[in-house]
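> build the 3D model from these lines:
(chains A, B, C and D)
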Protein chains: 4
Amino acid sequence: MAVRAAVAGASGYAGGELLRLLLAHPDVEIGALTGNSNAGQHLGTLQPHLLPLADRVLQPTTADVLAGHDVVFLALPHGQSAAVAEQLGPDVLVVDMGADFRLRDAADWEAFYGSEHAGTWPYGLPELPGARAELSGSKRIAVPGCYPTAVSLALAPAYAAGLVEDEAVIVAATGTSGAGKALKPHLLGSEVMGSMSPYGVGGGHRHTPEMIQNLSAAAGRRVSVSFTPTLAPMARGILATCSAKAAPGATAESVRAAYEKAYADEPFVRLLPEGQWPATASVYGSNAVQLQVAYDASAGRVIVISAIDNLTKGTAGGAVQSMNIALGLDEATGLSSIGVAP
Amino acid sequence: MAVRAAVAGASGYAGGELLRLLLAHPDVEIGALTGNSNAGQHLGTLQPHLLPLADRVLQPTTADVLAGHDVVFLALPHGQSAAVAEQLGPDVLVVDMGADFRLRDAADWEAFYGSEHAGTWPYGLPELPGARAELSGSKRIAVPGCYPTAVSLALAPAYAAGLVEDEAVIVAATGTSGAGKALKPHLLGSEVMGSMSPYGVGGGHRHTPEMIQNLSAAAGRRVSVSFTPTLAPMARGILATCSAKAAPGATAESVRAAYEKAYADEPFVRLLPEGQWPATASVYGSNAVQLQVAYDASAGRVIVISAIDNLTKGTAGGAVQSMNIALGLDEATGLSSIGVAP
Amino acid sequence: MAVRAAVAGASGYAGGELLRLLLAHPDVEIGALTGNSNAGQHLGTLQPHLLPLADRVLQPTTADVLAGHDVVFLALPHGQSAAVAEQLGPDVLVVDMGADFRLRDAADWEAFYGSEHAGTWPYGLPELPGARAELSGSKRIAVPGCYPTAVSLALAPAYAAGLVEDEAVIVAATGTSGAGKALKPHLLGSEVMGSMSPYGVGGGHRHTPEMIQNLSAAAGRRVSVSFTPTLAPMARGILATCSAKAAPGATAESVRAAYEKAYADEPFVRLLPEGQWPATASVYGSNAVQLQVAYDASAGRVIVISAIDNLTKGTAGGAVQSMNIALGLDEATGLSSIGVAP
Amino acid sequence: MAVRAAVAGASGYAGGELLRLLLAHPDVEIGALTGNSNAGQHLGTLQPHLLPLADRVLQPTTADVLAGHDVVFLALPHGQSAAVAEQLGPDVLVVDMGADFRLRDAADWEAFYGSEHAGTWPYGLPELPGARAELSGSKRIAVPGCYPTAVSLALAPAYAAGLVEDEAVIVAATGTSGAGKALKPHLLGSEVMGSMSPYGVGGGHRHTPEMIQNLSAAAGRRVSVSFTPTLAPMARGILATCSAKAAPGATAESVRAAYEKAYADEPFVRLLPEGQWPATASVYGSNAVQLQVAYDASAGRVIVISAIDNLTKGTAGGAVQSMNIALGLDEATGLSSIGVAP
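Predicted structure coming up:
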């Protein structure tokens, strides 16, 4: 089977990571590559690490250019996917790596993004209950945000098993690639290296409603989320420190058992042995999720820490994993659970 | 006035930072420098950044060597200060940069450090209520831990003003110098660069009882603390993200007002203007604390984020500041609130 | 074809990188993994990024353990390979990732390593003239040093084409993984981050005679080398800045033409388009070599700059590439020319 | 004595570092701060590490605003200083931190900067022979480039003593702050971290003629320079690896002796003890220069390696040091030779 794939937005970090993975995918043939402001440029100057594609030239993001592919990946700024997707036929698999189709609640969308809600597509986080059934055979996929991927996989089992109550308190550190290639002063290397700083504090980050959506689904009730993202001096990786008040009766053993059960058969999620903690370096460039759980008896809280690569499992790897499911391929095709370390 | 100061443990990171500050202190004359395994070596090979002391030779840490100074700083591994301090007379100002004399509760000490409690000395965090009075004229000072410095200054005003309730949830990122110069595999540059990872999760970190002690004093009741430290890919700095459930009636305005009042006259603590967030780079090498507060109405939590340099305000700067108070000098002598950035 | 491979020294950085590559190699089955001081430990605690091997237990490095494999990789400290290799039969392919069998001149070995020379094996840098013929079918391979890989590929074509004369002047920056997992103070993250420093200056680095050997072979005369290695604040990568006095008649065009010709058919070496310069990030985790050349008319020098990943092309990738040739497999099997960036 | 100083270009890295130093200068009072595109903004948002100046507002860079000061520092883009300097009276000390007045040869200026040469001012590298006499009492100072500072101090003594011949070959690594706050893709943290890359290879860097000027003055003849700058994953620091062919008769001893003599009385230049090598971390934030020399008998070259902080000794520290001389103050006033490490 040869799946012909186009990538709209091939010059950014998400597009580049996707191409890195697609080049290693045995069933995919890379078709059109587009980028608006960079159309006409060689990919070799924009993504010098993708040697096999160095001589490819970016085309403009138009329906004509994207036509004739089995899969179209959209790695576009938020709010731009709907217009492009509309022009692609219903038989094309469209994988949106932006936020446009992740949220179910139009009011949430409007509150956080300030525009009209475009709709809701099957959600590309296969490890959540029911997700694989929805993705299988689907022609539309909304790839989750990087933070919601790390946080939902960390906390959903605890909420689903009734082991925690009240709001989730999440502090996550991300590598700078999570902020994209935008030319902003605070993303300059001189500013970033040697510095940790928060942003979007107090509920303002756009990934918050997506976390609430996922954790509420797991809990079967509305879950509040206090989410503080921080920018760390590294290019890749998310370390999410997640906690919630322990429910009465929860124990260290019951917490661990819930996670062992939840992820026993997952190819990409690993609950680490007791005593070992996740590190973003261990999942660098891989589709793996490393998790560890703790029960703090003194503070009465369950703590779950997850590490992912924001560009791989958090974006492009999640997209390929979901594409594989939608196309009926083995879910792990072209993906690796092995990090590039040290 | 010429204060003659000895430093026991001059070869480590805390000792080196202390010497950097003492070299810039107009009233201090640097006397004996000691180090056990490094005795006999030139400081220039151990601390190559301290050019003016490059030709000084480390002596062994003995009572004889430390005698004849006005101030003796102890930058020793935990548990070693008491034996040295005993041999120094009651008229010498002894500043312990280790943990030995920080805790008031002997049971806490024994639970977290596993040895007999040596006692409790005046606590060197001048910004806490009552601390300056205790430090003034004192001949013994227990310098706070780096994390408790960042966390106590972040949360004490909220607990003191009754604006928060329940446990504090704290996730802090530290630079690797916080772990000292110990030769451990996970502290190698190859492991650390590009990686975030937690440690001491679930209540096990030794700084937890110190935070509980400070926040409980502020609250007037026992406060629980859930503390998760993480190791960040930078040499210096602590970013502490601290939150607690908002008390009924707390508002964004009342929270901000409490912090403005608490730190209005503090030379080293700065509540940033609204919209600006702390970054560890801004306090690099300085004794400053940068703070920002937020009220998350949706999650019902007060969030306070502080940034310090773990080696300066978090260790050696705090030690000098407290020494200044004890000696009746201007508190800011020899200290700077200016970071080395970018 | 299923090649059964053992790895002696599986707990170090070279061993870990080799396993990462072998896991992706379609024709290799991973057999015994050994490590002396770490024997008995799970690989998951030593190499947490190698998820599929997490439950494997390290065995001691003995002839018995290593017996029964088609290929044995030796990732051992210098000087230890010969004793192990002797115990393996002549029909086993032994790939030495250490220095023991790289040098042809016993006097060079003795001068730089201070022990008796063990011998010379076919040299695993396939891009050098004649190397593939020597490697094909060989049962012994000496994998080149990381610096000699970067430097020889950078300068050999210029010396071979007679475009340069006199000594080569080389300044190279390496990531810290090049120094291995040894617990040395100057390799601590706190020391390394934010710092550049040289070492082995003035001809003392053990990779110097290997460079001289390769460049002299290319030039057809004894070439002197001035080599200064520097340690850079990154985990991986070598950037080698190499130059030599231009020979009379050399021009920018003739230099470029020589490199285009030399590497026209090489799968892993890329001469970048004019105006684009190598960056170690572009070859992160890949077996690629990125090169650029310049002719400085004013100073009369030819400058060639190469970027490799010291652990991949510079060690484990080079080992796998040479193994493929020795076994008659396609040379690129299991190897990628795509970097993990950003 | 209270010297009133204005800073034109206070929002950039050079301007920020200058303000950090001036705040610690006992004889300087900080007057007007200007910045064109940032005029009207608070310095606290642009330079959050300069707490004492947080509430100062940037003014536009006009003659009126800059009038009435004893010293005016110009931290402006190349080519903009001349127009501003003309409007300042001859009695004002003008310190240009840009390139405009560094070169003596108008043709060099035009070749490398493409505009008309503005003139030549006394050169602010006091450690060069004759520089102090020229600076003393001067009303105009051209602050050297950061690379020429590191390179000239490294090689001038060897050329002056006739210990080397032929061209100098220099490879230097710089921290990203050397490239300023310009919003360019290759300066983003995601691109910079974990990567080394060269730029301006082959003689094109604008600092090359300045190095040639200084080394030629030392040698008493025209010296060629092959200069390759590289960008390193750190915010600050320059490590310059400089070498040249040893002259007949040069020995390790004669080389070392020449440097000991050249810098015996220099407050900021330190020739390290034999066996110790410079590291940029050791001079972080300081005005110090650390040097080490080697004689490579095998390659027949003299190698000198220097480490400076590009923003301090390489820019703002050099500016303050020269200002002190011009004003008749002690040269080291307000400057430190102590690095901020680790």
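> now do the SS call for A:P229.
Under DSSP: H, G, I helix; E, B strand; the rest coil, A:P229 falls in the strand class.
> partners of it in the sheet?
Counting by DSSP bridges, A:P229 forms beta bridges with A:A172.
> ok, it to C:R206 distance?
A:P229 sits 46 Å away from C:R206, going by C-beta to C-beta, to the nearest Å. Yep, even glycine has a C-beta here, placed from its N, CA and C like the rest.
> please apply the same query to A:A158.
A:A158 is 53 Å from C:R206, by C-beta to C-beta.
> quick one, which of those two is more surrounded?
Between A:A158 and C:R206, counted using other C-beta atoms under 10 Å in any protein chain shown, the more crowded position is A:A158 (30 against 18).
> quick check: A:V255 touching A:Y159?
No - the criterion here is C-beta atoms under 8 Å, and A:V255 misses it with A:Y159 at 11.9 Å.
> and the pLDDT at the residue nearest in space to the middle of chain A?
The residue lying closest to the centre of chain A (C-alpha atoms, centre = their mean) is A:G314, at 2.7 Å. We note a pLDDT of 98 for A:G314 in this prediction.
> how about the contacts made by it?
By C-beta atoms under 8 Å, 6 or more residues apart in numbering or on different chains, A:G314 lies in contact with A:G145, A:C146, A:Y147, A:T149, A:A150, A:G178, A:I238, A:I308.
> now it: how far from A:A288?
11 Å.
> and what of A:A258?
Relative to A:A288, and taking C-beta to C-beta, A:A258 is found at 20 Å.
> looking at these two, which one has more neighbours?
Taking neighbours as other C-beta under 10 Å, A:A258 and A:A288 compare with A:A288 leading, 27 against 19.
> burial count for the nearest residue to the more buried one once chain neighbours are set aside?
Using C-beta to C-beta, 6 or more residues apart in numbering or on different chains and skipping residues adjacent in sequence, the residue nearest A:A288 is A:S337, 4.3 Å away. Per other C-beta under 10 Å, the neighbour tally for A:S337 reads 23.
> so A:S337 sits right up against A:Q290, yeah?
No - the pair A:S337 / A:Q290 is not scored as a contact, 9.8 Å apart, by C-beta under 8 Å.
> which neighbours do the two share?
Here A:S337 and A:Q290 have A:R270 as joint contacts, going by C-beta under 8 Å, 6+ apart.
> now whichever residue of the stretch 1-150 of chain A sits closest to chain D, nearest residue through space, not along the chain?
Going by C-beta to the nearest C-beta, chain D is nearest to A:Y13 of the stretch 1-150 of chain A, at 6.9 Å. Once flanking residues are discounted, A:Y13 sits nearest to A:S177: 4.8 Å by C-beta to C-beta, 6+ apart.
> three-state assignment of the one you found?
Of the three states, A:S177 takes helix under three-state DSSP.
> wait, doesn't it sit right on A:I238?
No - contact criterion C-beta under 8 Å: A:S177 and A:I238 do not qualify, at 10.3 Å.
> overlap in contacts, these two.
A:N310.
> now the helices for chain A?
A:13-23, A:43-46, A:63-66, A:81-86, A:106-113, A:131-135, A:146-160, A:189-192, A:208-219, A:252-262, A:317-327 (DSSP state H).
> ok, which of those helices comes nearest C:A319?
helix A:13-23 (22.9 Å; C-beta to C-beta).
> how many residues are close by the closest residue in space to A:H78 that isn't next to it in sequence?
The shortest distance from A:H78 to any non-neighbouring residue, by C-beta to C-beta, 6+ apart, is to A:A99 (4.7 Å). Using other C-beta under 10 Å, A:A99 has 24 other residues around it.
> and A:A99, what pLDDT?
95.
> same thing with A:M1?
63.
> now swap in A:A75 and tell me
With respect to pLDDT, A:A75 has a value of 97.
> show me what contacts the closest residue to it other than its chain neighbours?
Closest residue to A:A75 apart from its sequence neighbours, by C-beta to C-beta, 6+ apart: A:G9 at 3.4 Å. Remark: with contacts taken as C-beta under 8 Å, 6+ apart, A:G9 is in contact with A:G15, A:T34, A:G35, A:T61, A:F73, A:L74, A:A75, A:L76, A:M97.
> so where's chain A uncertain?
For chain A, the stretches with pLDDT under 70 are A:1.
> which bits of it sit near chain D?
Neighbours of chain D within chain A, by C-beta under 8 Å from any C-beta of the partner chain: A:13, A:175-177, A:179, A:181, A:183-185, A:187-194, A:233-235.
> enumerate the residues of the stretch 51-200 of chain A near chain B.
Contact residues, the stretch 51-200 of chain A versus chain B (C-beta under 8 Å from any C-beta): A:167, A:169, A:171, A:173, A:175, A:188, A:190-191, A:193-199.
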